[in-house]
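Novice: quick one, structure for this:
(one chain, ligands or ions: 1)
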Amino acid sequence: MAEIVIVPTAADAGALVADEIVRLVSARPDAVLGLATGSTPLPVYEALRPRLAGVDVSRVRGFALDEYVGIDPQHPESYRSVITREVVEPLGLNPDLIQTPNGALATIEHAGEDYEAAIAAAGGVDLQILGIGTSGHIGFNEPGSSFASRTRVKTLIEQTRADNARFFDSVDDVPMHCITQGLGTILAARHLFLLAFGEGKARAIAGAVEGPVTSSLPGSAIQLHEHVTVVVDEAAASQLRNADYYRYAYANKPAWQGL
Ligand code: F6R
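Specialist: Numbering: from 1, shown residues only. Model (predicted):
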């Protein structure tokens, strides 16, 4: 079972995950991080900034979950730009060691395979940060995605385009296609952190954690992974049937277990 940690605020969640990342990077300076974009991981990246001061991050490697297809990499909302702005620059990472899937149309046919090869060459992802869409997607694996899927092109559902319209001038400007790590790719990471904040994520979180394992709710794939930490605020936890048990289990967790 995933470990469910219910925290008062998104900032508390950010601190918890950031502490774990600092522990990892201190023990393994060339750790491989799986990076998410969107609003959810921002408290993690903010909390990391002061915590990484004095830690050698020059060898840290990273792979983003996804990218829009056909977007100019210089566009401020390309995930390449977002990762550079929110993660690489503030944390002082080496940009040459941080990759995003290549959404360029000219090479899109083999971009998925290339990305999988790069992740494999890095030895796989040590710690993967995940958000969840209101559709239940992780990465951009929309409902119906295969649990065995690897990095490939997907079509975003209208709900996701509407959710992401806040980053663009209008919903029509949100690209229709994306290239995303597959559910199989995500499940191969060694430790998954799934984060969610706010009422709007409550249904997706309840489905991912307590619902049936089904490709209709791709986030439920986490139930197949042996090391998952779900970190949610009270609002995102509000539809969890066993919330009291999760609180009790976390409060009484033996210190030696770690996360
Ligand atoms: C982002 C990603 C998506 C987002 C999800 C939630 O790289 O893969 O799965 O995590 O759409 O987005 P936010 O955090 O903006 O609510």
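
Novice: does the longest helix seen in the chain come close to the ligand?
Specialist: Using DSSP state H to assign secondary structure, the helix with the most residues in the chain is helix 10-27. No. Against the ligand, helix 10-27 shows no contacts by Cβ under 6 Å from any ligand atom, the least distance being 10.4 Å. Where C-beta positions appear, they are placed from N, C-alpha and C, glycine not excepted.

Novice: quick check: mean pLDDT across that helix?
Specialist: Across helix 10-27, the average pLDDT comes to 98.

Novice: show me what that helix is packed up against.
Specialist: Helices and strands touching helix 10-27, by 3 or more Cβ pairs under 8 Å, 6 or more residues apart in numbering; DSSP states H and E, are strand 3-7, helix 42-52, strand 127-130, strand 191-196, strand 228-233.

Novice: run the last query once more with 6 Å
Specialist: Other helices and strands packing on helix 10-27, by 3 or more Cβ pairs under 6 Å, 6 or more residues apart in numbering; DSSP states H and E, are helix 42-52, strand 228-233.

Novice: can you list contacts of it?
Specialist: Identification of contacts with helix 10-27 by Cβ atoms under 6 Å, 6 or more residues apart in numbering yields 7, 31, 43-44, 46-48, 51, 55, 60, 127, 193, 195, 197, 231, 233, 259.

Novice: just the CA atoms of the following helix or strand past it, as CSV, please.
Specialist: Next helix or strand after helix 10-27 toward the C-terminus (DSSP states H and E): strand 32-35. Extracted in CSV, the C-alpha atoms of strand 32-35 (Å, rounded to 0.1, in the frame of the first residue of the first chain):
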residue,chain,number,x,y,z
VAL,A,32,18.3,11.0,-10.8
LEU,A,33,15.2,13.1,-10.1
GLY,A,34,11.8,12.8,-11.9
LEU,A,35,10.5,16.3,-12.3
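
Novice: and the residue most central in space within the chain, how far from N242?
Specialist: The centre of the chain sits closest to L130, judged by Cα atoms, centre = their mean, with a distance of 2.2 Å. Computed as Cβ to Cβ, to the nearest Å, the L130 to N242 distance reads 21 Å.

Novice: contacts for stretch 191-200, please.
Specialist: Applying Cβ under 6 Å, 6+ apart, the set of residues contacting stretch 191-200 from outside is 10, 13, 17, 40, 127-130, 132, 134, 205, 222, 225, 227-233, 235-236.

Novice: mind redoing it with 8 Å?
Specialist: Stretch 191-200 is contacted by residues 2, 10, 13, 17, 20, 40-41, 44, 126-132, 134, 138, 186, 204-205, 208, 219, 222, 225, 227-233, 235-236, 238 when judged by Cβ atoms under 8 Å, 6 or more residues apart in numbering.

Novice: can you measure across it, start residue to end residue?
Specialist: 25 Å (Cα to Cα, to the nearest Å).

Novice: all helices for this protein, in order.
Specialist: 10-27, 42-52, 79-83, 89-91, 108-121, 158-164, 183-187, 202-210, 243-251.
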